[in-house]
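Fold the following and give me the result.
(one chain, ligands or ions: 1)
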Amino acid sequence: MPLTAWILGDQLSLTGAALAAIDKDRDVVLMIESLGRARRRPYHWQKLVFVWSAMRHFAEELEGQGYTVDYHRWQPGAAPALQAHLDRHHPSRLYLMDTAEHGRAAALSALAKRLGAAIEVTPNNLFLSDRAAFQEWAQGKKTLIMETFYRRMRRQTGLLMDGNDPEGGAWNFDKENRERPPAGHDFPTIPRYEPDAITRGVIDYVNAEFAGHFGEPGDFAWPVTRADAAAFAADFLARRLDLFGPYEDAIVVGERALYHSLLSPLINVGLLDPLALCRQAEQRYYAGQARLNSVEGFIRQLIGWREFVYQVYHLAMPGYPARNFLDADIALPDFYWTADTRMRCVADAVSNLRRTGVNHHIQRLMITGNFALLAGISPQAVNDWYWFAYLDAYEWVVTPNVIGMALYADGGLLATKPYAASANYINKMGDACGDCYFNHRQTTGERACPFNSLYWDFIDRHAERLAENPRMNLILAQHRRKKDLPAIRARAAEIRRRLRDGDDL
Ligand code: FAD
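Below you'll find the predicted structure:
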């Protein structure tokens, strides 16, 4: 009797642990497209196309390598397809790689057992850090410092290490990474991948079956095969990596990528290997083709932040998505879906998202995330929105970034202080304030930028809780000296009332 490797849509790696457990000449790969979740949640239509098309191309790739693939399209759920697979192939054992999402492997194992199959869950080898080691390191700590974790990962991988010391004499070059691009700067174009017959078939199905889902109707140009993903990454390394660092925190209206890599959708489904990407980036530094502050910054995102949020998520589950340290309770405003707001930075982020399925990190953190934090929007509503609206979103990566990083709803487990900022920051890092209806220099008055009064109102409302955090001392001292607090409170209350009532902003 053969063995089966059951491969999920975010496990499209040739080195995944379940695939490694079977023999391609004797055994079978099982893949199931499940419509259940997609019907319940308004995922961006490009996400549905991306995942299903990437799965079909992966099946084709495996068949090209001699594997037998039992592929089930458009299933209402996993159970009927799994039953059909068991009836046809009678595997002696199913191998499933542990899921990145908490509890999913357990649920699928329970299903398999209910149907009478023997199933073994193998450890997930698509991440670089070890869950048990992280839990031991985290034990007893109230706040987890990413930088400490990152240095351990640098030592573990040997990336940018000069013996025991960091390359260039420092672990972190963030101070060099806060430039604003000059006006009219020409950003590199992003390569496009025209849909082939497989992708076109998926697009037609999604258009017909998921018509009301989020996202601007338009073209789909993401890579969906391993070869195209590698070419997309090579283009980033050659044309954008060198300036990744300096413009990492910038915001430019109409630009979804700047010098960011746009690789997260591909890494998160297993089409790209994060460690291999880091080694390629490191190589470009040693070859004199990319500056150290850029290469270090890129590597920190992958072996630092990405691994860190994955581990914090598993540490804090199952209760993490429900955390609400700041008792925020306003419903998600409609403009998060429609982009219909006079705040130009928010409108630009949401319209980019509607068109392309992504925003760069600063738009996610300092525009849509920051607004939700300052205004007091329900963390659960915001978490759902980021999950449904983005092409690269999976629970393990959305939840810590939203609940922990953007909204401080975990009380500081993941971030050492709230990422709260007024329009001053947004104006410093980009060009959105220039032509905005609101005035970024004003805090009160009908045309004052909402970020300003909401910022001081946020500090005001949470002063007591934030006082426990020494990193907030400076801002709390400024808050105590503010003379115009009554006017700020009134303006913020009016904005929050408008948000509650669904009025324009
Ligand atoms: P780059 O800037 O080029 O960075 C390189 C890579 O580093 C990324 O591809 C990604 O794999 C990794 N990375 C960087 N920062 C993070 C981080 N904070 N967490 C995890 N990985 C990171 N990332 C997702 O992959 N999926 C999400 O759904 C997601 N939601 C987010 C929600 C919020 C509120 C915030 C603040 C961040 C979120 N991120 C998410 C993290 C980050 O914004 C994206 O990974 C990044 O913008 C993807 O674009 P890029 O590939 O061009 O990244």
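
Pull the distance from the lowest-mean-pLDDT helix or strand in the chain to the chain's centre.
Lowest mean confidence among the helices and strands of the chain (mean pLDDT, DSSP states H and E): helix 36-40, at a mean of 88. Distance, stretch centre to chain centre, for helix 36-40: 20 Å (CA atoms, centre = their mean, to the nearest Å).

Residue numbering should commence at 52 henceforth.
From this message on, residue numbering opens at 52, which makes the last subject helix 87-91.

could you dump it to CSV, C-alpha only?
Provided in CSV are the C-alpha atoms of helix 87-91 (Å, rounded to 0.1, in the frame of the first residue of the first chain):
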residue,chain,number,x,y,z
GLY,A,87,-15.4,26.5,2.3
ARG,A,88,-13.4,29.3,3.8
ALA,A,89,-13.5,31.3,0.5
ARG,A,90,-17.3,31.3,0.6
ARG,A,91,-17.4,32.4,4.2
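
after that helix, next one along is what?
Where DSSP states H and E defines the elements, the next helix or strand beyond helix 87-91 is helix 96-115.

in that next one, what's buried?
96-110, 112-113 (16 or more other CB atoms under 10 Å). Quick note: C-beta positions are derived from backbone N, CA and C, even for glycine.

The ligand contacts on the stretch 352-501 of the chain?
352-353, 356-357, 360, 411-412, 415-416, 420, 437, 441, 443-444, 448-449, 452-453, 456-457 (CB under 6 Å from any ligand atom).

Can you tell me the element T55 falls in?
strand 54-57.

Parallel or antiparallel, list what pairs with that strand.
Using DSSP bridges, the strands paired with strand 54-57 in its sheet are strand 79-85 (parallel), strand 144-148 (parallel).

and after the shortest one, which helix or strand comes next?
Think strand 144-148. helix 155-165.

for the record, mean pLDDT for that following helix?
The predicted model gives helix 155-165 an average pLDDT of 98.

What lies in contact with that helix?
For helix 155-165, the external contacting residues (CB atoms under 8 Å, 6 or more residues apart in numbering) are W57, A129, A130, L133, L145, L147, M148, D149, T150, A169, I170, V172.

between it and strand 79-85, how big is the angle?
110 degrees (axes from the mean of the first three to the mean of the last three CA atoms, to 10 degrees).

how about helix 155-165 as CSV, C-alpha atoms only?
C-alpha atoms of helix 155-165 as CSV (Å, rounded to 0.1, in the frame of the first residue of the first chain):
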residue,chain,number,x,y,z
ARG,A,155,-5.2,23.3,11.7
ALA,A,156,-3.0,20.2,11.6
ALA,A,157,-4.9,18.9,14.6
ALA,A,158,-8.3,19.5,12.9
LEU,A,159,-7.2,17.8,9.7
SER,A,160,-5.7,14.8,11.6
ALA,A,161,-8.9,14.4,13.5
LEU,A,162,-10.8,14.4,10.2
ALA,A,163,-8.5,11.8,8.7
LYS,A,164,-8.8,9.6,11.8
ARG,A,165,-12.6,9.9,11.7
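
thinking again about what came up before, return the mean pLDDT over the strand holding T55, rounded to an integer.
Rounded mean pLDDT across strand 54-57 is 98.

Quick check: P384 touching R547?
No - applying CB atoms under 8 Å, one finds P384 not in contact with R547, separated by 10.7 Å.

These two: which has the busier surroundings?
When neighbours are counted by other CB atoms under 10 Å, P384 and R547 differ, and P384 comes out ahead with 23 against 20.

Distance of the nearest residue to that one once chain neighbours are set aside relative to the ligand?
Excluding the flanking residues, the one nearest P384 by CB to CB, 6 or more residues apart in numbering is L550, at 5.4 Å. Counting by CB to the nearest ligand atom, to the nearest Å, the gap from L550 to the ligand is 18 Å.

follow-up on the earlier one: buried subset of the contacts of helix 155-165?
By 16+ other CB under 10 Å, the contacts of helix 155-165 give W57, A129, A130, L133, L145, L147, M148, D149, T150, I170, V172 as buried.

Could you give the bridge partners of the fifth one?
Applying DSSP bridges to L145 gives these bridge partners: T55, I170.

right, and it touches G167 too?
No - L145 is beyond contact range of G167, at 11.1 Å (criterion: CB under 8 Å).

V102 contacts V320, doesn't it?
Yes - with contact defined as CB under 8 Å, V102 and V320 form a contacting pair (6.7 Å).

In this protein, what residue spans correspond to strands?
Assigned by DSSP state E, the strands in the chain fall at 54-57, 79-85, 119-126, 144-148, 170-173, 212-213, 216-217.

Please identify the deepest-packed of these.
Comparing these by mean neighbour count (mean count of other CB atoms under 10 Å), strand 54-57 comes out on top with a mean of 25.

Around Y470, count how many other residues there are.
Neighbour count for Y470, taken as other CB under 10 Å: 15.

Kindly report the same for R532.
When counting by other CB under 10 Å, one arrives at 6 neighbours for R532.

re the thing from before, the least confident helix or strand of the chain: which residues count as buried?
A89.

Need the residues that contact stretch 145-153.
54-59, 61-62, 67-69, 72-73, 81, 156, 159-160, 163, 168-178, 361, 364-365, 368-369, 445-447.

Oops, could you answer that again for stretch 542-555 instead?
Under CB under 8 Å, 6+ apart, the answer for stretch 542-555 is 381-382, 384-385, 392-393, 426-428, 494-496, 499, 501, 504-505, 507-508, 556.

Would you mind checking those residues for buried ones?
381, 384, 392, 426-428, 494-495, 499, 501, 504-505, 507-508, 556.

of these, closest to the ligand?
Within these, distances to the ligand taken as CB to the nearest ligand atom reach their minimum at I428, with 12.1 Å.
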